[in-house]
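Chemist: What follows is a predicted structure for the sequence shown.
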Amino acid sequence: MISPTRKQKIEQFFNVLDTNRNQMLQPDDFKSVAVNICDLAGIDKFDKRFDNTIVQSYRIFIQVLTDLEKHVELEISKDEWVLFFE
């Protein structure tokens, strides 16, 4: 069981990643975060590092799906996200 403070932080992290605010984490959410990171780092879309960052974001998403044993659905609910960190 996680503490209320830790749960709140995990939920806040979920909200940061949920860029389209539909209460589900999907591949496009992770891509949007990666694009924002590139923007902040001054990496434009023609730089090889841009593509590498996007690929890494998808790999993270797929790894979380794998760890949650989700083999068909390509989305993660907030409840599943919190359980992932328990």
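Modeler: Cool, the structure landed. Numbers count the residues shown, from 1 in each chain.
Chemist: What ranges does this structure have for its strands?
Modeler: Applying DSSP state E to the chain gives strands spanning 24-25, 76-77.
Chemist: Most tightly packed of those strands?
Modeler: Most buried of these, by mean neighbour count (mean count of other CB atoms under 10 Å): strand 24-25, with a mean of 20. In this view, the C-beta of every residue, glycine as well, is placed from N, C-alpha and C.
Chemist: other SSEs contacting it?
Modeler: Counting contacts by 3 or more CB pairs under 8 Å, 6 or more residues apart in numbering; DSSP states H and E, strand 24-25 packs against strand 76-77.
Chemist: Scan this structure for its longest helix.
Modeler: For the chain, the longest helix by residue count, based on DSSP state H, is helix 48-67.
Chemist: any idea of the mean pLDDT in it?
Modeler: Confidence for helix 48-67, expressed as mean pLDDT, is 96.
Chemist: In PDB, list the C-alpha atoms belonging to that helix.
Modeler: The C-alpha coordinates for helix 48-67 follow below in PDB (Å, rounded to 0.1, in the frame of the first residue of the first chain):
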ATOM      1  CA  LYS A  48      18.400  12.600 -35.600                       C
ATOM      2  CA  ARG A  49      18.000  13.100 -31.800                       C
ATOM      3  CA  PHE A  50      14.400  14.100 -32.300                       C
ATOM      4  CA  ASP A  51      13.500  10.700 -33.800                       C
ATOM      5  CA  ASN A  52      15.600   8.900 -31.200                       C
ATOM      6  CA  THR A  53      13.600  10.700 -28.400                       C
ATOM      7  CA  ILE A  54      10.300   9.800 -30.000                       C
ATOM      8  CA  VAL A  55      11.400   6.100 -30.300                       C
ATOM      9  CA  GLN A  56      12.500   6.100 -26.700                       C
ATOM     10  CA  SER A  57       9.100   7.500 -25.600                       C
ATOM     11  CA  TYR A  58       7.300   4.700 -27.400                       C
ATOM     12  CA  ARG A  59       9.700   2.100 -25.900                       C
ATOM     13  CA  ILE A  60       8.900   3.400 -22.400                       C
ATOM     14  CA  PHE A  61       5.100   3.200 -23.100                       C
ATOM     15  CA  ILE A  62       5.500  -0.400 -24.500                       C
ATOM     16  CA  GLN A  63       7.500  -1.400 -21.500                       C
ATOM     17  CA  VAL A  64       4.900  -0.100 -19.100                       C
ATOM     18  CA  LEU A  65       2.200  -2.000 -21.000                       C
ATOM     19  CA  THR A  66       4.300  -5.100 -20.800                       C
ATOM     20  CA  ASP A  67       4.900  -4.700 -17.100                       C
END
